[in-house]
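Student: Curious how this folds, go ahead:
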Amino acid sequence: MAEAPTRTIYGFHAVVSKLRQSPDSVLEIHIAASRGDARARDLIAQAESAGVRIIPSDNEKLQRLVGTHHHQGVVARVDSRRRELKLSDVLDTLEGPALLLVLDGVTDPHNLGACLRVADGAGAHAVIAPKDRSAGLNATAVKVASGAADHVPYVTVTNLARALREMQEAGVWTLGADGDAERSVYEVDQKGPIAWVLGAEGQGLRRLTRETCDERVRIPMFGSVESLNVSVASGVCLFETRRQRLAAAP
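Tutor: Got it, this is the predicted structure:
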């Protein structure tokens with residue numbers, strides 16, 4: 001029988017989150033033999049309780065496993081099989097007004113991870129991106145997401161414009177972040193179902209994506225820089241939606 005496909009995740013937050021959310025998917029945990037602190041002891045206790053094998057390892061081996069020294073002394077090998085979510089899965093199971101984050105052309109896994117973390121913090125239902133011209137959910141993205149990758153669905157679609165139209169047909173208002181737009185993020189009513197659509201810093205939205213959005217809005221800039229990192233811009237947009245909804249709540 002063929003072995004299950006695996007991937008590595010690293011960092012305490014990501015590994016602990018995986019242990020809590022899906023302990024059966026954690027195959028083994030490599031932990032720095034030099035770590036005997038309370039955080040490491042708690043992680044080992046959780047792993048042993050879940051029946052997960054612990055492998056004491058030196059820093060050199062940990063670095064080889066993930067290709068970076070920013071592993072915090074803990075690396076896990078996990079079953080990478082997961083049911084590929086479709087956009088319809090998300091739209092059919094929404095609770096309350098939709099809050100979605102759509103990324104167009106974000107190819108840096110650090111940015112993807114940061115966007116997932118922001119989306120989780122804002123309570124977004126999912127992050128959506130095209131299969132091509134997008135960062136994959138690799139170990140770097142999972143690490144930067146600090147556990148959010150195991151909480152926020154990451155949906156990849158073949159055709160982003162078609163996916164936007166599917167959202168629109170489901171009653172979701174698609175807002176594209178565009179520095180040249182007339183209205184600002186603070187002038188648009190966001191209390192209904194919303195999908196924020198953002199492009200990579202500097203490049204912005206592709207033409208077809210921009211034209212497919214219901215409306216384009218800008219984030220006002222008051223200093224010398226012309227644009228924000230996509231994860232920062234995502235935070236501005238998503239939390240403005242949350243602010244408006246909280247203000248309107250009875």
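
Student: hey, let's count contacts and neighbours off CA atoms from now on
Tutor: Will do.

Student: Just the element for the residue nearest the centre of the chain, please.
Tutor: By C-alpha atoms, centre = their mean, the chain has its centre lying nearest to residue 116, at 2.0 Å. Element membership for residue 116 (DSSP states H and E) is helix 109-122.

Student: helix or strand right after that helix?
Tutor: Using DSSP H and E, the first helix or strand after helix 109-122 is strand 126-130.

Student: How far away from the center of its chain is that next one?
Tutor: 8 Å (C-alpha atoms, centre = their mean, to the nearest Å).

Student: Repeat that for stretch 176-189.
Tutor: 23 Å.

Student: Same question for stretch 216-224.
Tutor: 24 Å.

Student: distance between the ends of that stretch?
Tutor: 22 Å (C-alpha to C-alpha, to the nearest Å).

Student: got the buried residues for it?
Tutor: 216-219 (16 or more other C-alpha atoms under 10 Å).

Student: Give me the subset of those that lies in strands.
Tutor: Among the buried residues of stretch 216-224, DSSP state E puts 216-217 in strands.

Student: Show residues contacting the helix or strand bottoming out on mean pLDDT in the chain.
Tutor: The helix or strand of the chain with the poorest confidence is helix 12-21; it has a mean of 80 (mean pLDDT, DSSP states H and E). Residues from elsewhere that reach helix 12-21 (C-alpha atoms under 8 Å, 6 or more residues apart in numbering): 9, 25-26, 43, 46-47, 50, 72, 74-76, 142-143, 145-147, 150.

Student: Can I get the buried part of those residues as one ChimeraX selection?
Tutor: In ChimeraX syntax, the buried subset of the contacts of helix 12-21 is picked out as below (16+ other C-alpha under 10 Å):
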select :9,25,26,43,46,47,74,75,76,142,143,145,146,147,150
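
Student: Name the residues of stretch 6-21 that come out as buried.
Tutor: By neighbour count on 16+ other C-alpha under 10 Å, the buried set for stretch 6-21 is 8-19.

Student: wait, I meant stretch 47-63
Tutor: So stretch 47-63, judged by 16+ other C-alpha under 10 Å, has buried residues 47, 52, 54, 56-57, 59, 62-63.

Student: Which of those fall within strands?
Tutor: Counting by DSSP E, the buried residues of stretch 47-63 contribute 54, 56-57 to strands.

Student: List just the nearest of those residues to residue 88.
Tutor: Nearest to residue 88 among those: residue 54, at 38.6 Å, using C-alpha to C-alpha.

Student: Report how many residues lie close to the residue nearest to the closest one when sequence neighbours are not counted.
Tutor: Distances taken as C-alpha to C-alpha, 6 or more residues apart in numbering place residue 29 nearest to residue 54, at 5.0 Å, with adjacent residues excluded. Using other C-alpha atoms under 10 Å, residue 29 has 24 other residues around it.

Student: what comes up buried for the helix or strand residue 29 falls within?
Tutor: Using DSSP H and E, residue 29 maps to strand 26-32. Within strand 26-32, the residues scored as buried using 16+ other C-alpha under 10 Å are 26, 28-32.

Student: Which of these sits closest to residue 199?
Tutor: residue 26 (33.5 Å).

Student: where do the helices sit along the chain?
Tutor: Remark: helices assigned in the chain by DSSP state H are 12-21, 38-49, 59-66, 87-92, 109-122, 139-145, 160-169, 207-212, 230-248.

Student: With respect to residue 194, which of those helices lies nearest?
Tutor: Closest approach to residue 194 among the helices of the chain is made by helix 230-248 (8.1 Å; C-alpha to C-alpha).

Student: Return the mean pLDDT over that closest one, rounded to an integer.
Tutor: Here helix 230-248 scores 96 as its mean pLDDT.

Student: same for it, what does it pack against?
Tutor: strand 99-104, helix 109-122, strand 194-199 (3 or more C-alpha pairs under 8 Å, 6 or more residues apart in numbering; DSSP states H and E).
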